[in-house]
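A.B. asks: What follows is a predicted protein model with its sequence.
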Amino acid sequence: MKSIPHIDMSLYDQNFEDFAKHVGEGYEKNGFVALTKHGVDQQLIEEALDTCRELFALPEEVKKQYHIPGGGGARGYTPFGTEIAKDAKHVDLKEFWHVGREIEGEPPFKQLTPNIWPKELPEFKDKILKLYRSLDALGLRVLEALAVYLGQPRDFFNDKVDLGNSILRPLHYPPIVDEGTPSVRAGAHEDINVLTLLVGSREPGLEVLAKDGSWIPVTIIEGAIICNVGDMLQRMTNGVLPSTTHRVVNPPAPYSSKSRYSIPFFLHFNPDVIIDPLDSCITEENPKRWDAISSDDYLMERLREIGLVK
Ligand SMILES: O=C(O)CCC(=O)C(=O)O
Ligand SMILES: [Fe+2]
């Protein structure tokens, strides 16, 4: 793997069978792909990134008002130095803000708690929710392809993610002040969720772990959206679709003295979905690797490991 494969999303309408094959093979081999011609408005992405730069430029005391102690970082602000990759010794060099599914009226699941919006930045809500909805819809199209690739009906995932506790995470890695720090921007980890769609992330640093143990810098063509499989999908596919380890390393000068911004969208299953490896993914060579677990129990277990839930 030199970098991650690119998948042309215009095939979704033109030749869905081919699209499903490309997507499935790309993930089965690498766990990571870059989506081109994805239909998410570039202007919307730029505006969302701009508003995130403004958000993180707010004074620390202001941002901290939006941190909910004991809330597991589920909504609002999580300060610098909180999250730690599973089994890592040092905290990550990042701060972030979590936006969940915006629900009108009574939420169908208690996990879908209300969002928190910064009153200092009124445009943040509108821009970020538009991006949330676009990435949610794009993720579903990728899942349709994966469903077919896995021998399931095309709409297999639709009612399993429509009320998922999916999270959009505007993320800021500040300039590195201590070059000798043992911490990295994001320690090696796998994403917990079903699929991750990543915008921004233009400054260098993101690397994926190849099967031969080498770290491959992710280089994509401008405007492409990175999309990777998370642990929940790996588990449901009995490891057929791998959740690939990745990290964000501290870059060399001059990038080290600059901020890095990215906005991952962590697409989740609905809280009541039972993640049980699919029969179509269990074979003699690949016997069942995991027991069934509810998506919410699995999430809680994993959030404890990364320091967000105590
Ligand atoms: O910032 C990036 O490029 C990747 C972030 C990431 O991997 C994560 O937040 O899980
Ligand atoms: Fe990640």
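C.D. replies: Received the coordinates, thanks. Ligands and ions are numbered 1, 2, ... in the order given.
A.B. asks: Show me what from the stretch 151-300 of the chain comes close to ligand 1.
C.D. replies: Applying C-beta under 6 Å from any ligand atom, one finds that the stretch 151-300 of the chain approaches ligand 1 through 171, 186, 191, 198, 201, 206, 246, 248, 262, 264. No exception for glycine: its C-beta is placed from N, CA and C like everyone else's.
A.B. asks: mind redoing it with 5 Å?
C.D. replies: Residues of the stretch 151-300 of the chain lying close to ligand 1 by C-beta under 5 Å from any ligand atom are 201, 206, 248, 262, 264.
A.B. asks: Residue 164 should be in a strand, yeah?
C.D. replies: No. Counting by DSSP: H, G, I helix; E, B strand; the rest coil, residue 164 is not found in a strand; it is coil.
A.B. asks: Now it: closest residue in space that isn't a chain neighbour?
C.D. replies: Nearest non-adjacent residue to residue 164, counting by C-beta to C-beta, 6 or more residues apart in numbering: residue 268, 3.9 Å away.
A.B. asks: ok now do that neighbour, which residues does it touch?
C.D. replies: Going by C-beta atoms under 8 Å, 6 or more residues apart in numbering, residue 268 touches 161, 164-167, 193-194, 232, 295, 299.
A.B. asks: re earlier: looking at the residues of the stretch 151-300 of the chain next to ligand 1, which is nearest residue 240?
C.D. replies: Checking these against residue 240 by C-beta to C-beta gives residue 264 as the nearest, at 23.0 Å.
A.B. asks: Identify the bridge partners of the closest one.
C.D. replies: Beta-bridge partners recorded for residue 264 (DSSP bridges): residue 198.
A.B. asks: any idea how far it is from residue 277?
C.D. replies: Going from residue 264 to residue 277 by C-beta to C-beta, to the nearest Å gives 25 Å.
A.B. asks: Also residue 30?
C.D. replies: Note on residue 30: its distance to residue 277, by C-beta to C-beta, is 21 Å.
A.B. asks: now the strands for the stretch 51-200 of the chain?
C.D. replies: 76-78, 95-98, 167-168, 171-173, 186-189, 195-200 (DSSP state E, counting those that start in this stretch).
A.B. asks: Extract the residue ranges of this structure that are flagged as low pLDDT.
C.D. replies: Confidence mapping of the chain against pLDDT under 70 gives the ranges 1.
A.B. asks: need the helices for it, in chain order.
C.D. replies: Secondary structure of the chain (DSSP state H): helices at 11-14, 16-30, 42-57, 60-64, 123-149, 158-161, 231-236, 295-305.
A.B. asks: Pick the most deeply packed of the ones you listed.
C.D. replies: Between the helices of the chain, helix 231-236 has the highest mean count of neighbours, a mean of 24, where neighbours are mean count of other C-beta atoms under 10 Å.
A.B. asks: just to revisit the earlier point, can you tell me which of the contacts of residue 268 is nearest residue 57?
C.D. replies: Of these, the one sitting nearest to residue 57 (C-beta to C-beta) turns out to be residue 167, at 22.1 Å.
A.B. asks: what is the closest one paired to in the beta sheet?
C.D. replies: On DSSP bridges, the residues paired with residue 167 through beta bridges are residue 266.
A.B. asks: Return the distance of the residue nearest to residue 164 relative to residue 172.
C.D. replies: In this view, residue 268 and residue 172 are 22 Å apart by C-beta to C-beta.
A.B. asks: cool, residue 130 as well?
C.D. replies: According to C-beta to C-beta, residue 130 stands 20 Å off from residue 172.
A.B. asks: And for residue 142?
C.D. replies: With distances taken as C-beta to C-beta, residue 142 is found 26 Å from residue 172.
A.B. asks: next one: residue 57
C.D. replies: According to C-beta to C-beta, residue 57 stands 9 Å off from residue 172.
A.B. asks: And for residue 224?
C.D. replies: 22 Å.
A.B. asks: try residue 112
C.D. replies: Going from residue 112 to residue 172 by C-beta to C-beta gives 25 Å.
A.B. asks: Next: residue 235.
C.D. replies: Taking C-beta to C-beta as the measure, residue 235 and residue 172 are separated by 30 Å.
A.B. asks: Contact partners for the nearest residue to residue 114 once chain neighbours are set aside?
C.D. replies: Sequence neighbours aside, residue 75 is the residue nearest to residue 114 in space, at 7.3 Å (criterion: C-beta to C-beta, 6+ apart). By C-beta under 8 Å, 6+ apart, the contact set of residue 75 is 68, 98-100, 113-116.
A.B. asks: So what's the residue count around the residue lying closest to residue 2 once chain neighbours are set aside?
C.D. replies: Counting by C-beta to C-beta, 6+ apart, residue 2 lies nearest to residue 216, which is 7.2 Å off, once chain neighbours are set aside. Using other C-beta atoms under 10 Å, the number of residues around residue 216 comes to 19.
A.B. asks: Cheers, nothing more for now.
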